[in-house]
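this is a predicted model, with the sequence first.
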Amino acid sequence: MNTLESIQHLKSKMSASIIGQDDLIDRLILVLLADGNMLLEGLPGLAKTRAIKTLASELDCGLSRIQFTPDLLPSDVTGTEIYQPELKEKFVFQQGPIFSNLILADEINRAPAKVQSALLEAMEERQVSVAGKTYKMDPLFMVMATQNPVEQEGTYPLPEAQMDRFLMHVIISYPDDASELAIMRLNRNEQGTGGQAKEEVKLSPQVIFDARKEITAVKISEAMEKYIVDIISATRFPSKYSEELDTWLDFGASPRGSIALDRASRTHAWMEGKDFVTPENVRAVVHDCLRHRLILSYEANAEGVSPDQVLDEILKQVAVVA
């Protein structure tokens, strides 16, 4: 079984446990392969937590869950130095839950900005600095943060600097009726077996590293590079494309947006078994890569225009130049 087949097998095993959320599974694996972090938005009960738990159970790696609350401290995330007088080194660093492979930051918008910012260095530089010392993260590392789009009482908006560090902002919705029926039956079967699944061989993290190496070899032509740059430029200078876009947008995507589109589109192409990027690969990831990087105007918010509608319009206006 080659690397791509191993990843496809992982995806099919996850699909058997997470029903009706194929897009979520696809995006979760894509972000992991692209060495990024994901912000997942959805109502309670839509398998957000189950998704990353299932991924961790199929991979031979660690999982930490951090339940974000208003009284959480930054040291509760990163860890802190403990005074131990009996040792030669009086202060010993005790690692926090951030030192794992897969991190579930549950309801991240319930914690104040100081705690949310404790994740910034780990997400971007893959390291944590505490008391003047730097501690490296494991090479296999991904943060999946969740937030509830409806219940806003007692929550804090995520700072723009932190939003920009998520490779993708994925939004999930209710499953269809057929999937709902399958979910009920799956839950009933799990209750019958006590939730104990038979032990199977877990996928080695080396497969993820091998996949990342293969993804770096995926070719992207100058035309596709120009297409990505034009999309980003349209978010910054919308007046060049249409009056409507100009009234909707205050600020566009940063250079992290173009980097995210490049990485995500190459990963998407590789997952489809291709060794080059097409416009379809770019369009397939553009909403998840950019919806959290746009700052809409007062007029857009007053009219109820969403970031996805803005991106739909940009895709209509920006052409692929061969």
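On my side now, so go ahead.

next one: stretch 147-164 to chain centre, how far?
15 Å (CA atoms, centre = their mean, to the nearest Å).

I should have written stretch 275-291 there, sorry.
Distance, centroid of stretch 275-291 to centroid of chain: 15 Å (CA atoms, centre = their mean).

which other residues reach it?
Contact partners of stretch 275-291, identified using CB atoms under 8 Å, 6 or more residues apart in numbering, comprise 27, 30, 167-171, 217-221, 224, 227-228, 231, 235, 253, 257, 260-261, 264-266, 268-269, 272, 274, 307-308, 311, 315, 320. Where C-beta positions appear, they are placed from N, C-alpha and C, glycine not excepted.

spatially central residue for this structure, please.
Centroid-nearest residue in the chain: Met38, 1.2 Å away (criterion: CA atoms, centre = their mean).

of the contacts of stretch 275-291, which belong to strands?
Of the positions in the contacts of stretch 275-291, Met168, His169, Val170, Ile171 sit in strands, assigned by DSSP state E.

contacting residues for the second one?
Applying CB under 8 Å, 6+ apart to His169 gives the contacts Met38, Leu39, Glu41, Met163, Asp288, Arg291, His292.

ok, the first one next?
The neighbours of Met168, taking CB under 8 Å, 6+ apart as the test, are Arg27, Leu30, Val31, Gly36, Met38, Leu39, Ala260, Ala264, Val285, Asp288, Cys289.

give me the pLDDT for the closest residue to it other than its chain neighbours.
Sequence neighbours aside, Asp288 is the residue nearest to Met168 in space, at 4.2 Å (criterion: CB to CB, 6 or more residues apart in numbering). In this prediction, Asp288 carries a pLDDT score of 97.

repeat that for Thr216.
95.

OK, contacts around it?
By CB under 8 Å, 6+ apart, the neighbours of Thr216 are Arg266.

ranges for the helices of the stretch 1-150 of the chain?
3-17, 22-33, 48-58, 74-78, 113-116, 120-125 (DSSP state H, counting those that start in this stretch).

nearest to Glu58, of the ones in strands among the contacts of stretch 275-291?
Val170 (19.1 Å; CB to CB).

now do the same contact list for that closest one.
Asp23, Leu24, Arg27, Met38, Leu39, Leu40, Glu41, Asp288.

can I assume the first one is in contact with Pro175?
Just to be clear, that refers to Asp23. No. Asp23 lies out of contact with Pro175 (CB atoms under 8 Å); the separation is 10.9 Å.

care to break this structure down by domain?
Following automatic domain parsing, one finds the domains of the chain at 3-187, 217-317.

quickly, which of those domains bottoms out on average pLDDT?
Among the domains of the chain, domain 3-187 scores lowest, at a mean of 89.

quick revisit: turn the contacts of His169 into JSON lines, columns for distance to Thr278.
Below are the contacts of His169 laid out as JSON lines (distance: CB to CB, whole Å):
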{"residue": "Met38", "distance to Thr278": "23"}
{"residue": "Leu39", "distance to Thr278": "26"}
{"residue": "Glu41", "distance to Thr278": "28"}
{"residue": "Met163", "distance to Thr278": "28"}
{"residue": "Asp288", "distance to Thr278": "17"}
{"residue": "Arg291", "distance to Thr278": "22"}
{"residue": "His292", "distance to Thr278": "24"}
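
nothing else from me, thank you.
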